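S.K.: Need a 3D model of the sequence below.
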Amino acid sequence: MDSILINGGKKLKGKVAVSGSKNAALPELFASILTDDKIILENLPRLNDTLDSVSLLERFGKRVKWDKRSCAITPGDLTGGEIPYDLVRRMRASILMAGPVLARYKKVRISLPGGCAIGARPVDIHLEGFKKMGAAVDLKGGYVEMSARRLRGARIRLRYPSVGATENLVMAATLADGITVLENAAREPEIGDLCAMLSSMGADISGAASGRIKIRGVRRLGGVRHRVIPDRIEAATYLAAAAITGGDVTAQGADPSHLAAFLKKLSAAGVKISTGADFIRAAAGKRHLKPVDVKTAVYPGFPTDLQAQWMALMSAARGSSRISETVFENRFLHVAELSRLGAALNIAGNTVRITGVEGLSGAPVMASDLRAGAALVLAGLAAKGLTRILRVYHLDRGYENLVGKLRLLGARVKRVHA
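M.R.: Here you go, the predicted structure:
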C-alpha cells in the first residue's frame, strides 16, 4: 500500500496549476446520461473519483474516451437501470446517477452510496424530492428502487440546502413534465457550473445561484462541449500550504470569487492575498500566523471541505483559536492524527479549540478521509523531521498529482510503495 513521505520545514514557493473541480466534474459526467448526443468535458481532473464515475458510465452503456485534459462521452448499448454496490461503494457521489437515469429510463435501482466516512450524510433529501416529482421510492436490501412513468414538475423546498440533492433534482427536472421549483437550494459554484452545462444542452434553468432554482422541463437534451470550473478546494489547500510553511504560492487558474470566505480568514491570519481574474497568490509574512476562529457553513460561508486544512494551519499559529463544524457531524477524525504531529487540540461537541504550538514534529499518521489527508499533508510540510502518511488512497480521490505539484513548489516529498 502506498504512503507519502514528507521531510518538512521547507518554505513552498512558486506557481501551481489548479485542476478542474472534482465536485463539479462528477455530476457533469453523470449528466451525460440525459442525452444520446456527444458530451465533451474539458479540464476534467484525473482522480480516483472521476475514474470510478467513468466506470459507472461504461457499466451503464456509455463509451468514454480520454484525450489529455478532456473526456468524450458517446452513447452505447444500454445495459439496464441497476447501479451495483461493487461500483458504488467507493464513492458517495454515485447517488447522482439516480436523477438522470430515472428521468431518461423511467426506473433505477442503485446501491446506497459509500465514499468518505463523514457522519450520516443521508440521502433522504434526494428521495423526498423524487417522491414529490411523482416517483415511487422503495428501499430494499441496501438498494434504492425508484420508478416513474413520467416525472412531473413540482415545488420542492429542501429542508437543508444539500448540494447533492440539488444537483440530482435539477438533472431529473430537466426532462420532467412542467415546471420544477427548488427552494432553499444549494448555491455552491459547482451548482452554477452544472446548470450552465445543462443550459448549453438545451435545458431551461434560471436562478442557479439564487437558492431558488426554476427548471422548465424539455423533451430532449443535446450534446455540449463544456469546460469544468477550477477546483476551489484544491486551490485553497495550496494557498494554505504557502501559509503554514511561510512561503509564497500562486494558484493559477483559480477563481477568487469562489473562495471569498476562505481568503478573508487567510488574510486575517496575516497572509498577504493578491488576486486576479484567474489566479490567487498567498504570501506569508515574516511574523507568526495569527489565530483566527472559523465556523463552517453552506456556501457562501466557510467551506466544511477546508475545515481540516484550517485546523492544521491554526496549529502553527501563535495563540488560541476555535473551529466550529456545523455542516457535518463526526468530521473531527483528523484531530487524533494531527495531535500525533504535536498539535494541541481539544474537542468539545462540534467545536475544536486549537492552541498554537512552537513547532510540529514529524510522525507516522493515517488519513481517515480526503480532506483529513490534506490536513496531514499541510502539517507534515510544516513539521520538523519525517512524516509518513498512510492510506493515501483517500487523497487520490480529490487531488490530482498532489506529490508532483508539491515538488514543483519545492517540497521534499515523495510517494513510496510499501
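S.K.: all helices of the stretch 51-200 of the chain, in order?
M.R.: In the stretch 51-200 of the chain, helices defined by DSSP state H, counting those that start in this stretch lie at 85-88, 98-105, 124-132, 163-173, 189-200, listed in chain order.
S.K.: For those, please prepare TSV with the additional fields mean pLDDT.
M.R.: Output for the helices of the stretch 51-200 of the chain, formatted as TSV (pLDDT from 0 to 100):
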stretch	mean pLDDT
helix 85-88	73
helix 98-105	94
helix 124-132	95
helix 163-173	98
helix 189-200	99
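S.K.: what's the closest of these to G253?
M.R.: helix 189-200 (13.7 Å; Cβ to Cβ). From N, CA and C alone the C-beta is placed, and that goes for glycine too.
S.K.: Could you check the angle that closest one makes with helix 163-173?
M.R.: 10 degrees (axes from the mean of the first three to the mean of the last three Cα atoms, to 10 degrees).
S.K.: following helix 189-200, which helix or strand comes up?
M.R.: Per DSSP states H and E, the first helix or strand lying C-terminal to helix 189-200 is strand 204-206.
S.K.: Count the residues that sit near L112.
M.R.: Neighbourhood size, L112 [other Cβ atoms under 10 Å]: 17.
S.K.: Check the gap between it and G356 for me.
M.R.: Relative to G356, L112 is positioned 41 Å away (Cβ to Cβ, to the nearest Å).
S.K.: Same question for V365.
M.R.: Taking Cβ to Cβ, one finds V365 at 19 Å from G356.
S.K.: Compare these two and say which is more crowded by neighbours.
M.R.: Shown here are V365 and G356; by other Cβ under 10 Å, V365 has more neighbours (27 against 19).
S.K.: Now do the same contact list for that one.
M.R.: Counting by Cβ atoms under 8 Å, 6 or more residues apart in numbering, V365 makes contact with E337, L338, R340, L341, L376, G380, T387, R388, I389, L390.
S.K.: Okay, buried residues for stretch 126-145 please.
M.R.: Within stretch 126-145, the residues that count as buried by 16 or more other Cβ atoms under 10 Å are 126-130, 132-135, 137, 143-145.
S.K.: Correction: the previous question concerned stretch 61-79.
M.R.: K62, V64, S70, C71, A72, I73.
S.K.: next one: stretch 348-362
M.R.: Buried, per 16+ other Cβ under 10 Å, within stretch 348-362: N350, V352, I354, G356, L360, S361, G362.
S.K.: Which ones among the residues you listed lie within strands?
M.R.: V352, I354 (DSSP state E).
S.K.: so which of the buried residues of stretch 348-362 comes closest to A98?
M.R.: Using Cβ to Cβ, the buried residues of stretch 348-362 come closest to A98 at N350, 29.8 Å.
S.K.: I appreciate the help and will end here.
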